[in-house]
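Asker: what follows is a predicted structure for the sequence shown.
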Amino acid sequence: MTNEALCSVEINDVANLLDRTTNTLRRGNYGDLKQLSDGIIHCASIFQTEHSITVAVILYALSKVYSRLEQPSYITTKKIINLIENAKQAILSKNEEGTIKNLRQITNEITKVDKKMDLYIRKVIEEAEIKKGSRIYEHGISLSKAANMLGISQWDLMSYIGNTKIHEFAKEDVPAAKRLEYARSLFA
């Protein structure tokens, strides 16, 4: 596969996810947003691009915000849906500047949901970045690379991963003798 084909695959994956997100918001199935966010982690770990990671963080933040609201605002939801659709169009047309602009506007709109929730939402976005970093790490990307992809500190990511069982599953089942044999073959 060429780089261009990979870009097309990623573009289609993210566009499809954004479509599913707008459908989920229209139906009011806000609990599905977290599952959609988890779904894009696979894409983010393969392509390691800012857009797929940002979309994952946005979806996770939306799921947290909507789960805390008793009655989500129709106007806010409609605006977020429109911004998501604009982001999708920008991604499909490979408009880098438009994509970044729309993703930032979605993030800004999330923070405007409730003035009292502004600090909470910032915290949610920060936690979402750390959680998504751990999921990327779980997919086999190094801790350093995962932290760098999300613009978070390795220390914050390590602290989070240390409190989970992710590091236990990341261990290889290859015996030490076989790993040593492989390492020696590299230097032979």
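Answerer: Looks like it came in fine. Numbers count the residues shown, from 1 in each chain.
Asker: most centrally placed residue in this structure?
Answerer: Centroid check for the chain by C-alpha atoms, centre = their mean gives residue 56 as the closest residue, at 2.3 Å.
Asker: you'd agree that residue is up against residue 35?
Answerer: No - using C-beta atoms under 8 Å, residue 56 is not in contact with residue 35, being 11.6 Å away. The way it works is simple: take the backbone N, C-alpha and C, and place the C-beta from them, glycine included.
Asker: how close does the residue nearest to the centre of the chain get to residue 19?
Answerer: 16 Å (C-beta to C-beta, to the nearest Å).
Asker: contacts only, for the closest residue to the residue nearest to the centre of the chain other than its chain neighbours.
Answerer: Once flanking residues are discounted, residue 56 sits nearest to residue 40: 4.5 Å by C-beta to C-beta, 6 or more residues apart in numbering. For residue 40, the contacting residues are 13, 14, 17, 52, 55, 56, 59, by C-beta atoms under 8 Å, 6 or more residues apart in numbering.
Asker: swap the cut-off to 7 Å and go again
Answerer: Shown in contact with residue 40 (C-beta atoms under 7 Å, 6 or more residues apart in numbering): 17, 52, 55, 56, 59.
Asker: next one: residue 103
Answerer: Contacts for residue 103 (C-beta under 7 Å, 6+ apart) come out as 54, 58, 87.
Asker: ok, of those residues, which come out buried?
Answerer: Buried by 16 or more other C-beta atoms under 10 Å: 54, 58, 87, out of these.
Asker: between those, which is closest to residue 109?
Answerer: Among those, residue 58 lies closest to residue 109 (C-beta to C-beta), at 9.8 Å.
Asker: just say helix, strand or coil for that closest one.
Answerer: Put simply, residue 58 is helix when judged by DSSP: H, G, I helix; E, B strand; the rest coil.
Asker: can you tell me the closest non-neighbouring residue to it?
Answerer: In space, residue 58 comes closest to residue 106 once its chain neighbours are excluded; the distance is 5.4 Å by C-beta to C-beta, 6+ apart.
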